[in-house]
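>>> take a look and give me a structure for this.
(one chain, ligands or ions: 1)
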Amino acid sequence: MMTTAKAFVFVAMILVSMISDVVPDAPRGVVLEYTSDGQMKFPEHYREWVYLTSGFDMSYNPGGASDHHMFDNVFVNPEAYKAFVETGTWPDKTVMVLEVREAQGKGSINQRGNFQSGVMGVEVHVRDAARFAGKWGFFGFDDGKKTSEVIPQTASCYACHTAHAAVDTTFVQFYPTLLPIAKGKRTLSEAYLKEAEAKGTE
Ligand code: HEC
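Below is the predicted model:
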């Protein structure tokens, strides 16, 4: 005979299977997933995550203006965003996405300024301490790639982010809703504070 508890579990299982039939791909579902050979799978739903900023024509080298304009948009998974608001820093399994888009001037009724158009590249920064020596790994998903190998630790990505980024190798100094939180919780990195002091911007 079926106990009440068993019957409840049984009905719950049927309900769950019915729901997963009608919602084939839950939004914000899987944030971080790897293939069996250790590649990261493209986080398909990042556009439904929390928006942090848009950079316009940002360049990290002096001089040398580029001949085309670009926007970049940064997103983070909602669970990590909530944790940041509470603690001023990122939890493990944080996934941040930098989406680079072409800036377009001519189109529809636009007379001046630029709006965003096609995707030029997508880069991802992942905190997974058990997997990466420096706790964080970078990935590149250019040309619509669905999986990416981790970018080697010797790449310039790691050097620049470690030396200049405000919170745990992420560029919180450019994310306007997060910078005041990091200041309040005193989670800004030593390197960033020294650099800001030297430049007189803190
Ligand atoms: C010379 C410095 C520099 C280098 C090199 C660099 N980045 Fe960044 N990165 C930045 C800055 C500045 C931002 C903030 C962008 C903004 O505000 O829109 C950023 C933001 C990001 C973000 C958003 C999350 C975060 O960590 O803040 C990702 C993802 C990212 N970069 C990936 C990469 C990858 C992949 C590489 C190497 C292929 C790379 N970066 C190399 C300076 C750098």
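>>> report the central residue of the protein.
The residue lying closest to the centre of the chain (CA atoms, centre = their mean) is M96, at 1.2 Å.
>>> now do K146 against the ligand, distance only.
17 Å (CB to the nearest ligand atom, to the nearest Å). Any C-beta I mention is one placed from the backbone N, CA and C, and that applies to glycine too.
>>> what does the protein put close to the ligand?
Proximity of the chain to the ligand, by CB under 6 Å from any ligand atom, involves residues 53, 55, 58, 60, 72, 74, 96, 98, 123-125, 138, 140, 151, 155-157, 160-161, 170-171, 174.
>>> in helices, which of those residues fall?
If you go by DSSP state H, the residues of the chain next to the ligand have S156, C157, C160, H161 in helices.
>>> of these, grab the buried ones for PyMOL.
Selection of buried members from those for PyMOL, criterion 16 or more other CB atoms under 10 Å:
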select buried, resi 157+161
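>>> need the ones in helices among the residues of the chain next to the ligand in JSON lines with distance to E197 and pLDDT, can you?
Output for these, formatted as JSON lines (distance: CB to CB, whole Å; pLDDT from 0 to 100):
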{"residue": "S156", "distance to E197": "25", "pLDDT": "97"}
{"residue": "C157", "distance to E197": "25", "pLDDT": "98"}
{"residue": "C160", "distance to E197": "19", "pLDDT": "97"}
{"residue": "H161", "distance to E197": "20", "pLDDT": "98"}
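>>> between the ones in helices among the residues of the chain next to the ligand, which is nearest D67?
S156 (22.2 Å; CB to CB).
>>> the strand ranked longest in the chain: which residues count as buried?
Determined from DSSP state E, the single longest strand within the chain is strand 115-127. For strand 115-127, a neighbour-count test (16+ other CB under 10 Å) marks Q116, V122, E123, V124, H125, V126, R127 as buried.
>>> neighbouring strands for that strand, and are they parallel or not?
Its sheet considered, strand 115-127 pairs with strand 95-104 (antiparallel), strand 136-140 (antiparallel) by DSSP bridges.
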